[in-house]
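[1] what shape does this take:
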Amino acid sequence: MPKLDLIRWGYWLTFGWLFSIVLFRHFPGVDPAITGLFYVPGAGFPLGENAALNLLREVVWNAAIAVFLASGVAWWWVARRRSLWGRGFGGGKISGLSNAGWRAIFATFLLGPGLIVNAWLKSFSGRARPANTELFGGTHQFTLAGDFSDQCAANCSFVSGEVAAGTALAVTVWFLTAAISYRWLQQGLRALGGLVFAFVIFQRVATGRHFASDAIFAVLITASIAWIFVAAHRVAQAPQK
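    Here you go, the predicted model:
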């Protein structure tokens, strides 16, 4: 498991949750204002028709699915090798990650983008996507982030599944690069992961598919799940007094 400063990470997550709740719940004009930056009356969201952005979006989404499946296989493989041959292949690791590391990545994808985001929130929140609201040429009402309504039947706006998957990808890159001794390479790969993560947020908001709050809360949910698994592993490995 990578060595992470859980205290600092926890502080930032707590700040992010509190700030986002106050911002999007108590200042309802923030979401429409951000979305309005990309809206053209009579034309909708022009970036939504950009072929290059849509292609790159598909590439990132497919990559997230591939990494999710690969992490499950890696988790199983490392656990199996350790159980049959002691330290096993690569000292019980793949790409520098132990069984616990791959388990954390797999669980982050499964619980974040999978169960909490897509299976629950997007299915039952009922929040209409920006392009479908009256504010931006649609017929449905705008609802606050976190409110459950009847403005969407399925695959709704709150929260963004692709941003949640992009966050899980960023977590994966951070984990996998922890063992790289060349700092320039480590930082370069992490910067690339950050760019992909930022692109997903931009693409989903700029095309009218999600409000900014949908993206922010997707990040917070997924990052919090990763933090919980890393913290749980750290506690389990702590010497017993």
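[2] contacts and neighbour counts: CA atoms only from here.
    OK.
[3] for stretch 64-79, buried residues please.
    Buried residues in stretch 64-79, counted by 16 or more other CA atoms under 10 Å: 64, 67-68, 71-72, 74-75, 77-79.
[4] revised request: answer the last question for stretch 184-193.
    186, 189-190, 193.
[5] quick check: mean pLDDT across it?
    Stretch 184-193 shows a mean pLDDT of 94.
[6] nearest to Leu55, of the buried residues of stretch 184-193?
    Using CA to CA, Gly193 comes nearest to Leu55 of those, at 17.6 Å.
[7] any idea how far that closest one lies from Gly208?
    24 Å (CA to CA, to the nearest Å).
[8] restricted to helices, list the buried residues of stretch 184-193.
    186, 189-190, 193 (DSSP state H).
[9] now those in a markdown table, with distance to Trp9?
    Compiled in a markdown table, those are given as follows (distance: CA to CA, whole Å):
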| residue | distance to Trp9 |
| --- | --- |
| Gln186 | 19 |
| Leu189 | 20 |
| Arg190 | 16 |
| Gly193 | 18 |
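[10] ok now whichever helix in the chain runs longest, how far from the chain's centre?
    Secondary structure of the chain per DSSP H: the longest helix is helix 51-85. Here helix 51-85 shows a centroid-to-chain-centroid distance of 14 Å under the convention CA atoms, centre = their mean, to the nearest Å.
[11] which strands or helices does that helix pack on?
    If contacts are counted by 3 or more CA pairs under 8 Å, 6 or more residues apart in numbering; DSSP states H and E, helix 51-85 sits against helix 99-109, helix 161-176, helix 183-206.
[12] please name the nearest non-neighbouring residue to Gly36.
    The shortest distance from Gly36 to any non-neighbouring residue, by CA to CA, 6 or more residues apart in numbering, is to Phe136 (7.9 Å).
[13] I appreciate the help and will end here.
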